[in-house]
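Student: quick one, what's the 3D model for this:
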Amino acid sequence: MITEYEGQVEKFIGDGVIAVFGIPKAREDDPIRPIQAAIEVHEKVETIGSQLKERVGQLLRMHTGINSGLVVTGEAVLEKGTLGVADDTVNIASRLSTLARPGTILVGQDTYLQTQGHFEFEKQELTRVKGKTDPVSIYKVPS
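Tutor: Numbers count the residues shown, from 1 in each chain. Model prediction:
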């Protein structure tokens, strides 16, 4: 789903995936693309999760954090799968993913502002996250 929306898998960390959109080519709808991809991935995981529960007795679920903004990149060598993204934008996306409950997609303030006409959102309580002095605004994409 990620590549269907012209995103790139930046890296795998354990059972997690960091994907980026807008690198190396930025598009006007880059903030919309990861939400669309996440919705589709969540739907697939729900289907697979139900099948697995029947077979192994355990439900497979996922949770997603999405944030938009500027990032610092290293040399992008897509053939080798290296982008080397870092910055506050990536850190907040990681924190949102950690806060997301199973089956939930959370987005940051910038993503919300850039996509609010395309999706419905539920505003969450201001939340303190590691590495930030002030609490951050969080929005949930209803499932």
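Student: tell me who's in contact with the residue positioned nearest the centre of the chain.
Tutor: For the chain, I66 is the residue whose C-alpha lies nearest the centre (CA atoms, centre = their mean; 3.3 Å). Residues near I66 by CB atoms under 8 Å, 6 or more residues apart in numbering: 34-35, 38, 93, 96, 105-108, 111. C-beta: built from backbone N, CA, C; applies to glycine.
Student: where is pLDDT lowest across the residues you listed?
Tutor: Lowest pLDDT within the contacts of I66 is found at A93 (91).
Student: packing partners for the host helix or strand of that one?
Tutor: When elements are assigned from DSSP states H and E, A93 belongs to helix 88-99. Helices and strands touching helix 88-99, by 3 or more CB pairs under 8 Å, 6 or more residues apart in numbering; DSSP states H and E, are strand 16-21, strand 64-66, strand 105-108.
Student: how far does the shortest one sit from its chain's centre?
Tutor: The chain centroid and the centroid of strand 64-66 are separated by 3 Å under CA atoms, centre = their mean, to the nearest Å.
Student: do stretch 111-126 as well
Tutor: When distances are taken as CA atoms, centre = their mean, stretch 111-126 is centred 14 Å away from the chain's centroid.
Student: what residues of that stretch count as buried?
Tutor: 111-112, 114-115, 119, 121, 124 (16 or more other CB atoms under 10 Å).
Student: between all of those, which two are separated the most?
Tutor: Q114 and Q124 (17.7 Å; CB to CB).
Student: sorry, back to before: and the contacts of the helix holding A93?
Tutor: 16, 18, 63-71, 106-108, 110, 127, 129-132, 136, 138.
Student: the helices and strands packed on helix 88-99: which one's closest to D29?
Tutor: Smallest distance to D29 across these (CB to CB): 9.1 Å, for strand 16-21.
Student: which elements pack onto the very next helix or strand once past the closest one?
Tutor: Sequence-wise, the next helix or strand downstream of strand 16-21 (DSSP H and E) is helix 32-56. On a contact count with 3+ CB pairs under 8 Å, 6+ apart, helix 32-56 meets strand 7-13, strand 16-21, strand 64-66, strand 105-108, helix 109-115, strand 138-141.
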